[in-house]
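Chemist: predicted model follows, preceded by the sequence.
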Amino acid sequence: MLYSLRGKLIHKEPGLVVIECGGVGYACRTTYAASGGIGETGREVFLYTYLYVRDENIELFGFSDQQELRCFQLLISISGVGPKAALSILSDLEPTRFMLTVAAGDSKVLTKVKGIGAKTAQRIVLELKDKISKEPLPQPDGSNEPVSRTAQGSVAEALSALLVLGYTQGEVTPILATLDDQLPAAELIKQTLRTIGNRKK
């Protein structure tokens, strides 16, 4: 199976890139984040890949990092979730947020993805919650911890601060999973506390 590609980027569009290796152009379906962040055409680029073979259908999928690839593999292991649906989910929810969402058991977030109904979202959470809770996430310091215990960047800072304040992981993780992970930690904390306060009214 093709594990990765390194070569010249000769074409890209949302959800698709073509990488030339040894005179052969490999078309890779990607998440929007991967195709958008891969760089400019004419440059040397690198993608992790997954070769999907089903009956007469053969497609190559490309991923910006191993975490994105791993989430894709987990998703397509579920009956009824094909590679296109998996890419749609990972285009709407970057890997860390997807893993937090599933670990928190919040299937409603997944129903916001085009083509993902309530039953499919519930099946994803049911089948992947335990697996994802044990999945390691790469940390800035190089360590690895299960997703149920940690997150990345501002989400990790917000989670740690909220736990110090006395809130439980079960209270705050489902809320953090619905917020924009690009927000500063202070804003994530503020919005989480506001949501908790509104629920108690």
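Modeler: Nice, I can see it. Numbering: from 1, shown residues only.
Chemist: tell me the domain ranges of this protein?
Modeler: Per the record, the chain has its domains at 4-64, 65-138, 151-201, by automatic domain parsing.
Chemist: quick one, which of those domains is packed in tightest?
Modeler: domain 65-138 (a mean of 18; mean count of other CB atoms under 10 Å). To be clear about C-beta, it is placed using only N, CA and C from the backbone, and glycine gets the same treatment.
Chemist: need phi/psi at Arg54.
Modeler: Summarising the backbone geometry of Arg54 under the convention degrees, to the nearest 10, its torsions are phi -150, psi 110.
Chemist: same thing with Leu51?
Modeler: Phi and psi for Leu51, reported as degrees, to the nearest 10, are phi -90, psi 110.
Chemist: and it, what pLDDT?
Modeler: pLDDT recorded at Leu51 is 94.
Chemist: quick check, it in contact with Leu2.
Modeler: Yes - between Leu51 and Leu2 a contact is recorded at 5.0 Å, counting by CB atoms under 8 Å.
Chemist: Three-state assignment for Gly105, please.
Modeler: Assigned by DSSP: H, G, I helix; E, B strand; the rest coil, the conformation of Gly105 is coil.
Chemist: okay, it: pLDDT?
Modeler: We have a pLDDT of 79 for Gly105.
Chemist: can I assume it is in contact with Lys129?
Modeler: Yes - at 5.9 Å, Gly105 and Lys129 qualify as touching, with contact defined as CB under 8 Å.
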